[in-house]
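*Asks:* Here's my sequence, what's the structure:
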Amino acid sequence: MKKWLCFLLLFCTGCAHQPAPSAVHIGLVNNNHSVRFMGLNYTVVSDINRDSVPDIWQGLIPVFRMPADTDMKDYQPVQPGKYQLRDSSIVFTPDTPFKKGQVYFIRYYRFEEGQGIWDFVKNKKRLGKAQYTDLIFKQ
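*Replies:* As a prediction, the model looks like this:
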């Protein structure tokens, strides 16, 4: 009986559906003066864009300058600039142009991940901490 129970438990956990990772990516546009953030759902992006909160995109996908000491990147100020919705992508144009040779990164918060109790148990995630990916680009 124990063997069947172990087999059933192993079978059920092995067949659990794992969501596909988001296919978001970035690229420089506008003669390397702007960066485009692509791969988001157009319906969601257009709904967020109609929100009345000023600078909503700066809070959701902020752009930062990479410091020389990468351990300090969590403490960098946000790069000021304008966000625009173009087709299904977000285009960020900084107030001051990107410096040639400087490394920058976009912090993409993955709010859709880590919502289940098993995510906290398996991955040791903490409540209230949104998962994020740093997308790095260089001018």
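*Asks:* Show me what the helix or strand that residue 48 is a member of is packed against.
*Replies:* In this assignment (DSSP states H and E), residue 48 forms part of helix 42-49. Counting contacts by 3 or more CB pairs under 8 Å, 6 or more residues apart in numbering; DSSP states H and E, helix 42-49 packs against helix 56-60, strand 81-86. Every C-beta, even on glycine, is put in place using the N, C-alpha and C of the backbone.
*Asks:* Which one of those lies nearest to residue 24?
*Replies:* helix 56-60 (11.9 Å; CB to CB).
*Asks:* For the strand or helix carrying residue 137, which residues meet the burial criterion?
*Replies:* Secondary structure assigned from DSSP H and E places residue 137 in strand 131-138. Buried positions in strand 131-138, judged by neighbour count with 16 or more other CB atoms under 10 Å: 135, 137.
*Asks:* Tabulate the CA atom coordinates of that strand in PDB.
*Replies:* In PDB, the C-alpha atoms belonging to strand 131-138 read as follows (Å, rounded to 0.1, in the frame of the first residue of the first chain):
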ATOM      1  CA  GLN A 131       9.900  38.600  -7.900                       C
ATOM      2  CA  TYR A 132      11.900  40.600 -10.500                       C
ATOM      3  CA  THR A 133      14.300  40.100 -13.400                       C
ATOM      4  CA  ASP A 134      17.000  42.700 -14.200                       C
ATOM      5  CA  LEU A 135      17.200  43.100 -18.000                       C
ATOM      6  CA  ILE A 136      20.600  44.600 -18.800                       C
ATOM      7  CA  PHE A 137      21.500  46.700 -21.800                       C
ATOM      8  CA  LYS A 138      24.500  48.800 -22.800                       C
END
